[in-house]
Each structure stands twice: as structure tokens, then as C-alpha cells.
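Asker: compute the structure for the input listed below.
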Amino acid sequence: MPAQPFPSADIEVPEELSRLRELAYNLWWCWNPRARRLFSWIHTQLWDTYKNPVELLINIEPSRWETVLADGGAFMPDYRRVMRDFDRYIDPNKKTDFASKYPSYNGGPVAYISTEFGIHESLGIYSGGLGVLSADHAKAASDSGLPFVGIGIMYRKGYFHQTVDPDGRQHHTFRNFDFYRLPLRPLHTATGRDLIVSVEFPDREVQVRVWQLTVGRVKLYLLDTDIVENDPADRPITSQLYVRGREMRLCQEIVLGIGAVKALRELGIQPALWHMNEGHSAFLLIERFRELLREDVPWEQAVEQIRASTLFTTHTPVSAGHETFDIELVRKYMAVYAASMGVDVAKILDLGLAFPEGGGQPFNLTALAIRMSCCSNGVSRLHGQIANQMWRHLSPNAKTEPEPIKYVTNGVHVPTWLGPEIRNLIEDEIGTGWEENLCDPAYWQQVNKFTDEDLWDRHYHQKQRLIRLVRSQLVEQWARHGKSPDEMREMAGMLDPNALTIGFGRRFATYKRSGLIFQNYRRLRSIITDPAHPVQIIFSGKAHPADVPGQELIQQIIHMAFESDLRGHIFFVEDYEIRIARHLVQGSDVWLNTPRRPREASGTSGMKAAMNGAINFSVCDGWWPEAYNGRNGWMIGDDREFDNYEMQDYEDSSSFYDILEHQVIPLYYENRDRDLPRGWVAMMKESMASIIPAFSSARMVDDYVREAYMPIVGQADGSSGQQ
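Answerer: Predicted coordinates for the structure are as follows:
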């Protein structure tokens with residue numbers, strides 16, 4: 001099914017620059033600095049406003065092209081170079097990493113289904129870590145040449161935008177996306193009609209339009225119910241990410257799962273395997289059941305066939321993080337599927353029970369996904385252990401393996417998250433081939449070639465950019481609150497680029513303990529307000545609209561930031577999203593992580609910070625126990641298990657204060673040589689060298705290919721997975 005050549009939005013560019021359209025509609029530009037600079041050069045103000053090349057090209061005045069072409073000596077060489085780089089990247093004949101390792105592979109793609117994709121801030125169809133991880137997975141799959149397609153939802157309103165009022169209360173606003181002003185293409189049938197698939201609901205069918213997003217070599221197919229063919233009551237199903245209403249959430253996840261299978265079938269794509277990223281997409285299993293039963297495949301044989309080509313990744317060890325629904329509500333929606341299969345609906349409902357016996361259980365999508373997958377995994381070594389404690393009894397391999405649920409530790413897409421100054425330093429001192437050597441630990445030992453002066457200077461420039469962003473955001477926020485000009489001038493002068501700066505950016509769920517450091521307010525104040533050794537801590541994050549305790553945490557921190565005697569040392573930046581996250585991880589000196597062990601499945605923000613020279617200061621949870629070597633950061637607390645949360649909070653906060661006061665601050669401020677904290681810079685180098693190769697998404701995707709994808713394909717088609 002072809003994509004429309006270009007959406008109906010009116011994009012006119014000079015013939016000499018005609019390929020700018022093609023470039024704008026491939027998200028490769030979002031991790032290629034030269035491509036972004038090219039768009040910025042065309043019109044800096046529009047680029048800074050939109051950060052979206054499609055919107056830029058739509059809104060540019062025709063007269064601006066005369067200026068661009070008149071200065072062709074500066075612009076045209078960059079344009080040609082970017083297009084050469086782009087062509088080399090997407091060249092179908094290029095020998096990719098995957099093709100080199102599996103030269104005989106001729107099977108279908110991996111179908112990766114996720115409820116959110118955080119590819120870039122201009123596409124607000126993500127809420128946080130899960131979406132960013134999904135996008136980094138797709139980008140790394142593109143880099144490696146892995147046959148891969150993604151399926152998600154194109155949310156008309158996306159996730160909410162956060163503002164805080166003068167009392168620190170979080171407010172939620174939603175904005176409608178104009179899809180035709182995004183780097184997004186509608187798909188059409190061979191006859192030119194919109195590509196639409198039908199998803200059955202009780203007493204009706206919901207029509208789902210399919211959009212295409214191109215991410216390098218990878219295609220993402222996004223599902224949309226907001227079309228005129230649907231009843232007005234059904235059009236909002238794909239409106240908001242993580243909608244609060246439980247029945248609407250169920251409808252959304254039925255559209256994702258059932259719609260994913262139908263869309264790929266309509267596109268003629270036959271996946272070699274299905275990778276469910278979290279349980280939100282688990283209803284795809286029901287559609288695959290229905291396909292087989294309609295072909296008269298017996299139920300038990302259908303179970304085995306589906307399992308043989310299905311992988312499931314769970315991202316949370318927190319019980320509340322697993323999607324469950326009232327069993328009668330699921331019965332209402334699954335009855336039509338059971339009838340079309342010729343089975344009792346109880347047969348479907350039983351697949352989603354977490355325990356084989358006991359009434360009153362909800363329908364659990366994680367249980368459905370694990371029960372119907374030949375392989376399930378957590379996203380860190382520790383999380384794999386926890387996942388086995390929670391779910392091993394549901395795994396088809398429980399009788400043959402002591403730990404049937406495996407783990408693949410998450411990673412991050414280095415080209416996306418690496419700051420420009422640090423990236424330039426790497427290319428100046430190590431070479432431009434670093435993207436082909438992301439997984440080589442020996443290669444990354446070359447960061448020790450950096451002079452202390454160079455690394456510190458590049459980091460300092462990224463830190464200054466972070467501070468400019470925070471000042472700008474807070475002045476805008478204070479203006480909305482009616483602060484006086486003098487107060488806003490004061491804010492514009494706050495934040496010292498020479499002061500030790502700690503970053504904390506994440507979802508404000510209570511288990512992440514955003515307020516842990518305030519347990520002993522007096523001690524914290526005495527440590528961070530020392531005039532000779534000041535510390536500034538920048539917080540940013542959202543709480544789900546239904547998460548009242550998380551919103552109360554935000555309110556408390558805002559009070560600390562602006563109404564207490566910690567003013568000038570604590571800051572809160574509203575509306576946390578990819579752009580703010582990028583500045584935080586690139587500019588912080590220290591990255592703070594304080595979850596309640598063992599509730600952090602993995603965490604990836606600390607990986608992004610480390611590659612930029614920030615030093616992790618984290619609880620012994622998620623990915624950090626695998627990364628920490630005693631020389632690349634600090635560990636808060638230890639690996640003890642606590643039954644008493646108050647005792648755990650006391651122990652961890654005491655550890656935080658002790659390490660901050662006696663290790664972190666002295667290393668940053670004392671024993672400087674020509675105003676350089678050489679011991680600190682040595683730890684920065686160790687952090688980069690040890691974390692980049694072990695925690696890149698290139699390593700993560702390689703692990704999935706080697707440990708799951710190819711073995712599963714081998715099982716599914718009866719041949720060796722590594723041909």
C-alpha cells in the first residue's frame with residue numbers, strides 16, 4: 001500500500017532544493033546534527049519555534065528562498081553534504097551490521113508494538129521513559145539494518161502539557177495536532193483510498209486509519225480513529241495517551257492490538273515475530289488466535305503457533321504498572337471475538353488471569369502476554385529477577401527453566417542524546433567512526449585521550465546551555481504568575497554555571513521518591529547553601545492527571561524551590577518533555593536517581609547523562625547495579641530489602657547526605673589544579689568509557705537479535721536463527 005508522495009499541506013521549495021521535502025519526512029534528521037543545522041540555517045527563528053522541518057517548510061516566506069539561494073556558497077555545499085550523508089545511510093545496498101552478521105536471512109521483519117513512541121519533541125505521542133525507549137529501539141534497529149516495523153497510535157491530543165500555578169498545583173492542557181503539519185504520511189490503497197482497517201466492538205465496527213512515520217530505514221505505522229467514518233463517540237478513542245477512563249483505555253488497547261495485526265495484514269507485511277513492548281498491545285494475540293481458528297487450526301495448536309513467534313517485554317516491577325481491567329468489562333468487548341472463533345468467551349478470559357484459581361480476578365494484560373509468548377524479558381538484571389518472582393508461574397517454560405523470564409538491559413540511542421560539544425570532542429579526538437563502534441569497550445577507552453581542559457570546557461558549554469534554558473523557562477513561568485519585573489530579573493540571574501549542578505528529571509510517581517532528599521531539611525540546607533561550595537538542584541517532571549500523590553510531591557518541591565530558604569538552590573522546570581530532558585542530561589554535573597528499590601525496572605536517563613560526562617548518583621536499583629564499578633559514580637544505600645518504608649527512606653536519605661557532603665562536593669570543589677577539578681574529570685572519563693558501550697541501544701538491539709529474535713525465528717521456521 002503506497003504512502004501519498006507528500007501530504008496535502010502546501011510545501012513549495014525551489015527545484016534546486018527539492019529533496020528538502022524528502023529529508024523533512026524522514027526522522028533521520030532528529031539525530032543528525034548537520035541536517036538540523038541545515039533546517040536552522042534556512043530560517044533560524046522558525047526552526048527555533050517549531051523544531052519541525054515540515055512546519056518550517058510550510059510557513060517559510062517564498063522570498064526567504066531567494067536569500068538562501070543567493071548565499072549558495074554557504075548553504076549549497078552543506079545541503080549537498082547532508083543529502084550525501086542521508087543517501088549513504090538509507091542506501092538499500094549498504095552492507096549493514098545486521099546483514100553482515102546474518103547474510104542469509106530472508107524472513108519477514110520484527111513487528112514491534114508499543115503504545116507510545118518518543119521520537120522527537122515535535123511528535124508528542126509519548127509520556128516518558130517507555131516511549132523514549134521504544135523510539136530509541138526503532139532508531140537503533142534502523143542503524144543496524146534490522147528488518148523492523150513499529151506499530152503504535154497517532155494520538156490527536158497526545159499527552160498533556162503541564163503548567164503549575166502560583167501555589168504549585170499542576171494543571172493539564174491538551175492541544176490538537178494537525179497531522180498534516182507533522183513529518184507524517186497518510187497511507188492509501190492501490191486505488192487511492194485512505195488505508196482503513198476495521199476493529200470489531202460490541203454491536204459495531206470502529207474504523208482505524210493508518211499513518212506512516214519514517215525513522216531512517218524503519219517504518220512506524222500509527223493508528224487513528226478520529227475520522228469521519230466513525231461515530232462521534234468512537235472518534236476520540238485514539239485522542240489521548242493514557243486516558244483516565246478505564247473503558248476508554250480498554251477500547252484504545254483493543255484498537256492498538258487488533259488494529260496492529262489488521263494493518264500489517266492489509267499492508268502485506270508478514271512479520272517473522274511479534275515483539276510486544278509492555279502489555280498494552282496484548283490484544284494482538286486475540287486477533288492472531290482468530291485468524292488461526294478461522295482456518296480450522298485447533299485451539300491448542302493455535303496456542304503453540306502463536307507462542308512460537310511472540311516475544312514480550314515487561315517494563316515495570318510495580319504491581320500498579322501492569323494493565324488490568326474488570327473481567328466483566330473485558331467479557332463485553334471480547335464476546336464478539338469469541339463468537340467469531342467459535343469458542344466460549346471464558347476461553348479468552350482465562351488467558352488473562354494472573355492465577356489459575358480464585359474468583360474476582362481482573363483481566364491482566366501482562367498475564368495474557370507472558371502466557372502466550374515463547375520468551376519474556378525484563379529490562380535489567382535486577383528486574384529480570386523480580387519479574388521471575390512475580391510472573392514465572394505463567395511462563396510456558398516454567399517447568400524446564402529455573403528463571404524462564406530473561407532480561408535484556410535497556411540502552412539509549414547515543415546519536416540522539418549526545419550533546420553537540422561532547423560529540424564534536426569525540427569526533428575531533430577519536431574520529432568520526434564512533435557510531436560503528438558503539439559496542440566496543442576498548443574503543444571507548446579512548447576517551448582518556450581527551451585533555452582535562454577540553455572535556456571540562458565542552459561540558460561547561462553544555463551546562464551553560466542548560467542554565468539558559470532553565471532561566472528562560474522560569475522567567476516565562478513567573479511572568480504568567482504575575483511576578484514583578486524585579487523578581488523576574490532576580491530569576492534571570494539565578495543559577496551559576498560554576499556551581500555544582502544536580503539534575504533530576506523523570507515521571508513523578510511516588511515510588512521514584514522525588515522528595516527523598518528533603519527528609520532531613522536542615523541537613524540538606526546546611527550542605528547545599530554553603531557559600532564556598534554551593535549546590536543547585538534542577539527538578540523537572542510530570543505526574544499523571546490521576547496521580548494525586550505525585551502532584552502533591554510536585555507542589556512540595558515547588559514550595560521548596562521558590563518559597564523556602566532553599567530558594568536559589570532548588571529549581572523546578574515545568575512541562576518536562578524531550579527537549580528539556582535533552583538539556584538536563586547534557587548539562588548536569590550529577591544525575592540523581594532515588595527510586596524505592598527494587599521498583600525501578602531499568603531507568604535510562606542516567607545512561608544519557610553519563611555519555612555526556614555527568615556522573616550518576618543513584619540508589620542501587622534498575623540498571624545502576626550493572627553499571628556501577630566504584631570509579632564511575634556513587635551508590636546511594638545498598639542492596640538490602642526493606643519491609644519498612646520509613647526505615648528505607650531514612651537509610652537512603654542518610655546515605656545521600658553523607659555521600660553528597662563528604663565525597664561529591666569535595667571532589668568537585670577541592671584540590672583544583674588551575675581551576676580544574678581533575679579528580680572529577682577523571683571520574684567523568686570513567687563514566688563515559690564504562691557506560692557508553694554497555695548501555696547504548698545498539699548493544700540492546702544486538703542483544704535482542706542474538707538472544708531472542710534470531711532464536712525465535714529459528715524456532716518458528718524450523719531453521720537455524722543464525723544462518
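Asker: okay, CA-based contacts and neighbour counts for the rest of this
Answerer: Will do.
Asker: quick one: the strands in the stretch 451-600 of the chain, in order.
Answerer: 500-505, 535-540, 570-573, 590-593 (DSSP state E, counting those that start in this stretch).
Asker: pLDDT at residue 721, what is it?
Answerer: According to the prediction, residue 721 has pLDDT 36.
Asker: and residue 70, how many neighbours does it have?
Answerer: Neighbours of residue 70 under the rule other C-alpha atoms under 10 Å: 12.
Asker: most tightly surrounded among the strands of the stretch 451-600 of the chain?
Answerer: Counting by mean count of other C-alpha atoms under 10 Å, strand 590-593 has the highest mean neighbour count of the strands of the stretch 451-600 of the chain, with a mean of 26.
Asker: quick one: mean pLDDT over it.
Answerer: In the prediction, strand 590-593 has an average pLDDT of 98.
Asker: which elements pack onto it?
Answerer: strand 500-505, helix 605-611, strand 615-619 (3 or more C-alpha pairs under 8 Å, 6 or more residues apart in numbering; DSSP states H and E).
Asker: give the partner strands of the first one in its sheet and their orientations.
Answerer: By that I understand strand 500-505. strand 535-540 (parallel), strand 590-593 (parallel) (DSSP bridges).
Asker: tilt between that strand and strand 615-619?
Answerer: If you take axes from the mean of the first three to the mean of the last three C-alpha atoms, to 10 degrees, strand 500-505 sits at 60 degrees to strand 615-619.
Asker: that older thread, residue 693 is nearest to which of the strands paired with strand 500-505?
Answerer: Among these, the nearest to residue 693 by C-alpha to C-alpha is strand 590-593 (18.8 Å).
Asker: what's the nearest residue to residue 657 if we skip its chain neighbours?
Answerer: residue 524 (7.0 Å; C-alpha to C-alpha, 6 or more residues apart in numbering).
Asker: wait, what's in contact with that neighbour?
Answerer: Shown in contact with residue 524 (C-alpha atoms under 8 Å, 6 or more residues apart in numbering): 517, 518, 657.
Asker: can you put the strands of the stretch 451-600 of the chain in TSV and add distance to residue 171?
Answerer: Formatted as TSV, the strands of the stretch 451-600 of the chain follow (distance: least, C-alpha to C-alpha, whole Å):
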stretch	distance to residue 171
strand 500-505	18
strand 535-540	15
strand 570-573	14
strand 590-593	25
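Asker: quick one: which of these is nearest residue 82?
Answerer: strand 500-505 (32.9 Å).
Asker: show me the residue at the heart of this protein, geometrically.
Answerer: Among the residues of the chain, residue 132 comes closest to the average C-alpha position under C-alpha atoms, centre = their mean, at 1.0 Å.
Asker: can you verify my assumption that that one contacts residue 119?
Answerer: Yes. Using C-alpha atoms under 8 Å, residue 132 makes contact with residue 119 at a distance of 6.5 Å.
Asker: what about the residue nearest to residue 698 when sequence neighbours are not counted, which helix or strand?
Answerer: Distance criterion C-alpha to C-alpha, 6+ apart; nearest residue to residue 698, sequence neighbours excluded, is residue 140 at 5.4 Å. Element membership of residue 140, judged by DSSP states H and E, is helix 129-144.
Asker: what's the answer for residue 426, then?
Answerer: Using DSSP H and E, residue 426 falls in helix 420-429.
Asker: let me see the backbone angles for residue 282.
Answerer: With angles defined as degrees, to the nearest 10, residue 282 sits at phi -70, psi -20.
Asker: what about it, distance to residue 490?
Answerer: Applying C-alpha to C-alpha, to the nearest Å, the value for residue 282 to residue 490 is 52 Å.
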